[in-house]
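Engineer: This is the structure alone, sequence omitted:
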């Protein structure tokens with residue numbers, strides 16, 4: 001039995017009792033019946049809204065599933081990144097020689113927040129950057145850097161060639 005049917009049955013019982021509205025008990029029973037009628041109507045309205053939203057969610061879930069199938073239909077394990085690089089032959093000029101492994105990265109720690117940041121030589125040459133975490137200005141002084149033996153030998157060889 002639905003809630004509205006139960007309320008109708010209860011209203012019929014109250015009407016059949018010939019409740020006297022002049023007594024305190026009669027007034028209370030009539031008021032409670034009115035409040036219950038309003039609650040039943042409100043609950044029925046909420047239930048219809050929940051049913052509509054549930055149906056909409058089911059439709060959206062099916063649509064999202066279809067989109068996922070369209071986008072992710074390939075297994076990630078079977079994906080060949082080399083094919084994408086072969087398709088991108090026109091992306092780079094033949095004159096330019098890109099070697100992504102040549103860029104050395106240096107690790108620095110921000111003195112303010114303690115965040116570890118990776119920077120390359122270009123950032124060091126600029127002289128300063130802002131910490132991406134706390135926005136503190138980090139300055140670099142390259143004059144005090146010590147060059148290791150391999151680099152110093154190359155520098156000496158280049159100086160000898162100039163002389």
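Structural biologist: Alright, I've got the coordinates. This one's a predicted model, so the numbers in the text were calculated from it and none came from an experiment. Numbers count the residues shown, from 1 in each chain.

Engineer: wait, what's in contact with residue 20?
Structural biologist: residue 26 (CB atoms under 8 Å, 6 or more residues apart in numbering). Heads up, the C-betas are built off the backbone N, CA and C, glycines and all.

Engineer: Report the separation between it and residue 32.
Structural biologist: Look at residue 20 and residue 32: by CB to CB, to the nearest Å, they are 15 Å apart.

Engineer: hey, where'd the strands end up in this structure?
Structural biologist: Assigned by DSSP state E, the strands in the chain fall at 105-109, 116-120, 128-130, 137-139.

Engineer: which residues in the protein form helices?
Structural biologist: Ranges of helices within the chain are 3-16, 24-71, 81-87, 121-126, 149-162, based on DSSP state H.

Engineer: nearest to residue 106, of those?
Structural biologist: helix 121-126 (7.0 Å; CB to CB).

Engineer: And that closest one, what's buried?
Structural biologist: Neighbour counts over helix 121-126 (16 or more other CB atoms under 10 Å) mark 123-124 as buried.

Engineer: Could you list the low-confidence segments of the chain?
Structural biologist: 74-103, 142-163 (pLDDT under 70).

Engineer: domains of the chain?
Structural biologist: Using automatic domain parsing, the domain ranges for the chain come out as 3-71, 101-162.

Engineer: With mean neighbour count and distance to residue 24 as extra columns, can I get the strands of the chain in a markdown table?
Structural biologist: Output for those, formatted as a markdown table (neighbours: other CB atoms under 10 Å; distance: least, CB to CB, whole Å):
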| stretch | mean neighbour count | distance to residue 24 |
| --- | --- | --- |
| strand 105-109 | 12 | 79 |
| strand 116-120 | 12 | 77 |
| strand 128-130 | 13 | 76 |
| strand 137-139 | 12 | 79 |
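
Engineer: can you list those in JSON lines and add distance to residue 48?
Structural biologist: Output for the strands of the chain, formatted as JSON lines (distance: least, CB to CB, whole Å):
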{"stretch": "strand 105-109", "distance to residue 48": "60"}
{"stretch": "strand 116-120", "distance to residue 48": "56"}
{"stretch": "strand 128-130", "distance to residue 48": "55"}
{"stretch": "strand 137-139", "distance to residue 48": "60"}
